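In: When you get a sec, could you give me coordinates for this:
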Amino acid sequence: MRARRRVPVLALVAGVTLSGCGSGGLYDVPLPGGADLGEQPDRVIVHFTDVLDLVPQSSVKVNDVAAGRVDNIGLARDGRTAVVTLLVADQVRLPENAEARLRQSSLLGEKFVELAEPVAEPPRGELADNAVIGVESTNRNTQIEEVLGALSALLNGGNVDQLNTIVTELNSAMSGNEAELRSLLAHVEHLTARLDGQRGDITRAIDSLDRLSGEFNAQRDKLDEGLRDLQPGLQVVNEQRDQLVAMLAQLDRLSGLAVDTVDRSKEDMLANLRALGPTLQKLQETGENLPRAMEFFVTYPFPPAAVNTLRGDYFNADLTIDLDLSTIVENMLTNQPPPGTPPPDDGAGEESEPNAESPGEPDLPLPLHGNPGDPAPPRPEPPERDAGGLLDPFGGS
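Out: Sure, this is the predicted structure:
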């Protein structure tokens with residue numbers, strides 16, 4: 001009886017297996033449980049950079065509640081991303097910019113796809129049938145296998161054995177230098193406190209640097225133009241580099257000759273300066289006399305008072321001309337006026353001032369010869385007068 005009952009069960013299992021293989025494999029066999037997709041579930045296509053060991057028929061959850069399943073996993077046309085087709089229940093409402101994350105139910109549990117609202121931006125629209133979620137809106141969490149693999153690489157091939165050497169060297173360096181280390185830490189603490197006290201100044205300096213960078217950025221076109229215009233000048237300098245180097249070499253030689261000349265003529269120069277000392281001393285002793293004397297050099301051959309009469313290229317002065325015939329003849333013959341000759345009249349009836357050396361005597365014209373300090377020649381006796389002669393120097397009355 002038992003053998004007869006086993007035959008129908010084996011036949012049923014074989015039929016299910018053969019029917020599943022013929023229609024697409026075991027992934028097409030419906031599993032018990034899972035989310036209720038309804039009559040017309042929505043199809044959502046999600047692009048992942050890596051799906052790890054995600055398989056079809058895996059769960060799709062929204063807020064940790066089963067809301068669908070993975071229908072298909074394929075490779076995109078670019079050959080770099082995975083395309084996962086999800087079937088989501090039609091009663092689930094998600095925004096158009098929803099995000100998809102690949103998560104794990106437990107430490108060693110199965111993988112599933114989680115659909116959620118965006119975090120970096122506000123939700124908008126509604127996720128419709130045949131919607132596509134791009135790679136920029138998907139990510140995955142770090143798997144326990146990756147953590148264990150990294151830890152294994154660190155422990156096996158990460159030079160962990162060198163940690164003992166590092167700790168030993170640090171211990172050797174610090175042993176016996178506790179005081180220096182405490183002093184170093186104290187200085188570091190003091191420096192940190194000073195920096196913290198000047199935090200406002202540092203912030204203002206950074207802000208000023210930011211504004212300066214902004215000005216540079218605003219004038220970037222002008223800076224580029226200036227650099228482009230600077231290139232021909234640099235090219236000319238590069239072409240004349242040999243001449244510039246030769247000029248600098250000659251300048252160095254000239255400086256050497258100048259230093260040598262100064263060194264050799266130092267004693268003579270000092271002697272000249274010492275010899276110039278008495279002259280400078282005498283000039284200092286003149287005081288204000290030298291500036292006064294210099295005034296005559298400026299207005300030579302006229303006295304300084306004559307400058308007041310200058311009006312451009314002419315003199316503005318009043319002159320008195322004596323045209324008395326007897327005086328002219330007397331001056332031509334004897335260089336002295338006859339006795340009793342009245343002083344020249346200026347036409348205004350005013351009398352001239354008497355001579356300071358001989359009071360009461362009229363101011364006589366200077367002789368045409370002789371020095372100012374020589375005594376005056378004696379006055380000749382007047383000749384006898386002829387009656388009414390025209391050439392009478394004294395004239396007839």
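In: got the contact list for Gln243?
Out: Shown in contact with Gln243 (Cβ atoms under 8 Å, 6 or more residues apart in numbering): no residues. (Glycine included, C-beta is placed from N, CA and C.)
In: Would you point out the helix or strand in this structure whose mean pLDDT is lowest?
Out: The least trusted helix or strand in the chain, going by mean pLDDT, DSSP states H and E, turns out to be helix 2-23, with a mean of 42.
In: now Asp50, what's its secondary structure?
Out: Following DSSP: H, G, I helix; E, B strand; the rest coil, Asp50 is assigned to coil.
In: doesn't Ala82 make contact with it?
Out: Yes: the criterion here is Cβ atoms under 8 Å, and Asp50 meets it with Ala82 at 7.1 Å.
In: so what sits against both of these two?
Out: Contacts common to Asp50 and Ala82, judged by Cβ under 8 Å, 6+ apart, are absent.
In: Would you mind telling me which of these two has the busier surroundings?
Out: Ala82 (19 against 12; other Cβ atoms under 10 Å).
In: The more buried one contacts Asn72, doesn't it?
Out: No: with contacts counted by Cβ under 8 Å, Ala82 stays clear of Asn72, the gap being 10.6 Å.
In: separation between Ser59 and Gln40?
Out: The gap separating Ser59 from Gln40 is 20 Å, by Cβ to Cβ, to the nearest Å.
In: Val83 and Thr138, how far apart?
Out: Distance check for Val83 against Thr138: by Cβ to Cβ, it reads 11 Å.
In: Spit out the residues that contact these two alike.
Out: Here Val83 and Thr138 have 46-47 as joint contacts, going by Cβ under 8 Å, 6+ apart.
In: remind me, longest helix of the protein?
Out: In the chain, taking DSSP state H as the definition, the longest helix is helix 241-264.
In: CA atoms only: put that helix into CSV for me.
Out: Provided in CSV are the C-alpha atoms of helix 241-264 (Å, rounded to 0.1, in the frame of the first residue of the first chain):
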residue,chain,number,x,y,z
ARG,A,241,68.8,86.9,-22.5
ASP,A,242,72.4,86.7,-23.6
GLN,A,243,72.6,90.5,-23.9
LEU,A,244,71.1,90.9,-20.5
VAL,A,245,73.5,88.4,-19.0
ALA,A,246,76.4,90.2,-20.7
MET,A,247,75.1,93.6,-19.4
LEU,A,248,74.9,92.3,-15.9
ALA,A,249,78.4,90.9,-16.2
GLN,A,250,79.7,94.3,-17.4
LEU,A,251,77.8,96.0,-14.6
ASP,A,252,79.5,93.6,-12.1
ARG,A,253,82.9,94.5,-13.6
LEU,A,254,82.1,98.2,-13.4
SER,A,255,81.1,97.9,-9.8
GLY,A,256,84.4,96.1,-9.1
LEU,A,257,86.3,98.9,-10.8
ALA,A,258,84.4,101.6,-8.9
VAL,A,259,85.1,99.9,-5.6
ASP,A,260,88.8,99.6,-6.5
THR,A,261,88.9,103.2,-7.6
VAL,A,262,87.3,104.4,-4.3
ASP,A,263,89.7,102.2,-2.3
ARG,A,264,92.7,103.6,-4.0
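In: what's the following helix or strand after it?
Out: Of the helices and strands lying after helix 241-264 in sequence (DSSP states H and E), the nearest is helix 266-286.
In: Next, the angle from whichever helix or strand comes after that following helix to helix 266-286.
Out: The element immediately downstream of helix 266-286 (helix or strand, assigned by DSSP H and E) is helix 289-299. Interaxial angle, helix 289-299 versus helix 266-286 (axes from the mean of the first three to the mean of the last three Cα atoms, to 10 degrees): 90 degrees.
In: got the CA positions of helix 289-299 in CSV?
Out: The C-alpha coordinates for helix 289-299 follow below in CSV (Å, rounded to 0.1, in the frame of the first residue of the first chain):
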residue,chain,number,x,y,z
ASN,A,289,77.8,139.1,4.4
LEU,A,290,78.2,136.5,1.6
PRO,A,291,74.5,136.4,0.7
ARG,A,292,74.5,140.2,0.6
ALA,A,293,77.5,140.3,-1.6
MET,A,294,75.9,137.8,-3.9
GLU,A,295,73.1,140.3,-4.6
PHE,A,296,75.6,142.5,-6.5
PHE,A,297,76.6,139.6,-8.7
VAL,A,298,73.0,139.1,-9.8
THR,A,299,72.4,142.8,-10.7
